[in-house]
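Q: what would the 3D arrangement of this be:
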Amino acid sequence: MPELKPKIAERDILTPGPASAGLGVVGMIALIIAALYVGREVFVPVALAILLSFVLAPLIRLLQKAHVPRALAVIGVVLVAFAGITALATVMATQVTQLAGDLPRYQATMREKVQSLRGSAAGSSALERAADVLQDLGKELDRPQAGTSPPANPLTPSSAPATETKPIPVEVRQPDPGALQTLGAFITPLIHPAATTGIVIIFVIFILLQREDLRNRLIRLAGSHDLQKTTAALDDAAGRLSKLFLTQLALNAAFGVVIGIGLYFIGVPSPVLWGILAAILRFVPYIGAFISAAFPLALAAAVDPGWSMLLMTAALFIVMEPLAGHVVEPLVYGHSTGLSPVAVVVAATFWTWLWGPIGLVLATPLTVCLVVLGRHVERLEFLDVMLGDRPALSPPEIFYQRMLAGDPAEAADVAEEFLKERSLSVYYDEVALAGLRLARADAQRGVLDEARLERMRATVEELVDDLSDHPDQEPKSGRTDDPEAAAAVEASEGESGRTDLLTLAPEDLNPRFRGETPILCIAGQSSVDEAAALMLAQLLTKHGLRARVESPASLSIQAVARIDDAGVAVVCLSYLDAGSPAHMRYAVCRLRRKMPQARILLGCWGEGMDAAAAAALREAARADLVATSLRDAMALCLEIARLEVTQGLKGSVAISAA
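A: Just a heads-up that it's a prediction; the model follows:
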């Protein structure tokens, strides 16, 4: 035994702890960033090639469907694409050269405008007067004092007059360059762009030719043990990026065409140049459109002696950019591209610092790739949390957090956004009950005391009251823009398209259901059970069945005897889990002795309970009916009321729903 101590100590020393693991992760990230920065001459063309391959892949698939050989389709599409890029670059260079030759003509106009501005503001600005005073004061301070002379040089005789020595100008002339030097000076600036373009073309061709092989290798690296998840990640990334790039290319090209045509009719010189520049810079999020507007605005001010051209140019950009960004793009992109606004800004800053202007253009697509990986690769989930537009918490967790914080107003705002696409019963079943189940689990673990549970119940009661004006119907039209509500809608896709439950008029009900409260909803054990009962009572009321709610304390022997059972036709017991069938059985027995004429419906809102488990629970609790969702409970109550219209209370109707 004594020999084990040093071995254990040595093992503890060698085992990395959380701190060392965190330092290792930080070191790995720093190493990756350093590699991307040092190797940017290689990584930038590779990144451009990969992203261009996503744009060109749909065109190649179309050609392959038309029975064009793959190699011919790849080479043809790549050559056409780069020919178009070269043509645009040539047009831009021609426009820039022409504009540079015309600039001297606009100097006089700009000088006159500046002088007119100065003249109109002369003498009327306190700041200008203050600047003049400070300038005069500076001149007074710099002026030499009267009666003083510069100090005499001790090495110079005093009788010699002081003379100022002027430097002799020297002119250095280089010999005339030869033919080779001239050719080298012309070719040197073109070597780097030409080499980068050539590398991009080669990479694009090989990526498109070897697309399936590269995909298989990525699957192998990412983990071939789960082919479904890895394949879904790659397909999602390819589909998302292809759609994003093609849509952005079409929208930005249309934006550039509209800007170019508008500037042509306004009279701004070189409208083709500014249209192409606007289309390119619009790939830069947020600031690209403003940068592209600065050049034609300055040129309009220089060309027109007046101010009408400048104002019309500004109006063109002010109208077109919000129209494209806030009207057209949301309709085309759907909810979003998958990135949060903060992530877009951070990504633009990071990639610009890393790779310069090209990194600014590539920031959004590269970040989309990281977010897609985070959604499908478990170890990279933090990327989706940090950069994605989806809420970090699930809809039930958000609901639970709002109830814990005692914030029903914010929860009601999200719920109202959810109700633009789904019904109220779907919200209660899919979001609210799931959040209450989280609270029930925390209460069972002992992390929630009775005081906080009671506060949650009061918050849910306020929320239910805030939503009392909304009908329980599937909305005919409408779409939410709230990210939290959109995530909840996405999680409840399986509940869409269900038919609405009937709303019974008073004349459609049996006399037993025309009383003040024919349905009594009783909480099973805790305050969260009562919160669920409040939701059920509100939904029943919206469908024409009036109901009231009793607290869990009413199930005690003394309290059951004091329950007002006048006109009660159905008793709904509300439980958030099925963990206490004995408690359910005793509650059913007490209620049956008190109200033998009423039917007892056991509402067990647990997660994942199938029909067999629900039937077994009904038998164990000796209840008449059982329901596992608020919608099923409403359907049962409505069916009982409608059946009793024709059959009365003579026969015993056995109904159950899972």
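
Q: ok, now which ones touch the closest residue to Leu48 other than its chain neighbours?
A: Closest residue to Leu48 apart from its sequence neighbours, by Cβ to Cβ, 6 or more residues apart in numbering: Val200 at 5.1 Å. Quick note: C-beta positions are derived from backbone N, CA and C, even for glycine. Residues in contact with Val200 (Cβ atoms under 8 Å, 6 or more residues apart in numbering) are 45, 48-49, 52.

Q: what do you get if the cut-off is 7 Å, keeping everything else the same?
A: 45, 48-49 (Cβ atoms under 7 Å, 6 or more residues apart in numbering).

Q: closest one of those residues to Pro506?
A: Leu48 (70.6 Å; Cβ to Cβ).

Q: beyond the one helix or strand the closest one maps to, next helix or strand please.
A: Here Leu48 is covered by helix 40-65, with elements defined by DSSP states H and E. The C-terminal neighbour of helix 40-65 among helices and strands, as given by DSSP H and E, is helix 70-121.

Q: what is that following helix packed up against?
A: helix 40-65, helix 179-209, helix 271-281, helix 288-303 (3 or more Cβ pairs under 7 Å, 6 or more residues apart in numbering; DSSP states H and E).

Q: got the buried residues for the helix holding Leu48?
A: For helix 40-65, the neighbour count (16 or more other Cβ atoms under 10 Å) marks 40, 44-45, 47-57, 59-60, 63 as buried.

Q: starting at the chain centroid, how far to that helix?
A: 25 Å (Cα atoms, centre = their mean, to the nearest Å).

Q: list the buried residues of stretch 577-596.
A: For stretch 577-596, using 16+ other Cβ under 10 Å, the buried residues are 577-578, 581, 583-584, 587-588, 590-592, 595.

Q: which residues of the protein fall in strands?
A: Under the criterion DSSP state E, the chain carries strands at the ranges 519-523, 547-550, 570-575, 599-604, 625-627.

Q: can you put the helices and strands packed on helix 70-121 in a markdown table and add distance to Asp384 and mean pLDDT?
A: Formatted as a markdown table, these follow (distance: least, Cβ to Cβ, whole Å; pLDDT from 0 to 100):
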| stretch | distance to Asp384 | mean pLDDT |
| --- | --- | --- |
| helix 40-65 | 20 | 85 |
| helix 179-209 | 25 | 75 |
| helix 271-281 | 29 | 88 |
| helix 288-303 | 26 | 84 |
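
Q: what about those helices, which gets the closest to Phe82?
A: Comparing the helices and strands packed on helix 70-121 by Cβ to Cβ, helix 179-209 comes nearest, at 6.0 Å.

Q: Val91 against Val272, yeah?
A: Yes. Between Val91 and Val272 there is a contact under Cβ atoms under 7 Å: 6.2 Å.

Q: neighbour count for the two, which is higher?
A: Val272 (17 against 13; other Cβ atoms under 10 Å).

Q: contacts only, for the more buried one.
A: Val272 neighbours (Cβ under 7 Å, 6+ apart): 91, 95, 260.

Q: so what's the last one scoring on pLDDT?
A: When you say that, I think you mean Gly260. With respect to pLDDT, Gly260 scores 91.

Q: roughly how far does it sit from Gly101?
A: Here the criterion is Cβ to Cβ, to the nearest Å. By it, Gly260 lies 20 Å from Gly101.

Q: poorly predicted segments of the stretch 1-150 of the chain, please.
A: Filtered on pLDDT under 70, the stretch 1-150 of the chain yields the residue ranges 1-22, 107-108, 110, 113-150.

Q: show me the protein divided up by domain.
A: 36-102+192-209, 230-333, 335-390, 392-500, 502-658 (automatic domain parsing).

Q: nearest to Thr109, of the ones you listed?
A: So among the domains of the chain, domain 230-333 is nearest, using Cβ to Cβ, at 5.7 Å.

Q: closest to Glu112 out of the domains of the chain?
A: That would be domain 230-333 among the domains of the chain, by Cβ to Cβ, at 7.0 Å.

Q: which outside residues touch stretch 316-332?
A: 247, 251, 255, 258-259, 262, 266, 289, 293.

Q: could you flag which of the residues you listed are buried?
A: 251, 255, 258-259, 262, 266, 289, 293.

Q: show me which pair in these is furthest apart.
A: Spatial extent of those (Cβ to Cβ) is set by the pair Leu251 and Ile266 at 22.2 Å.
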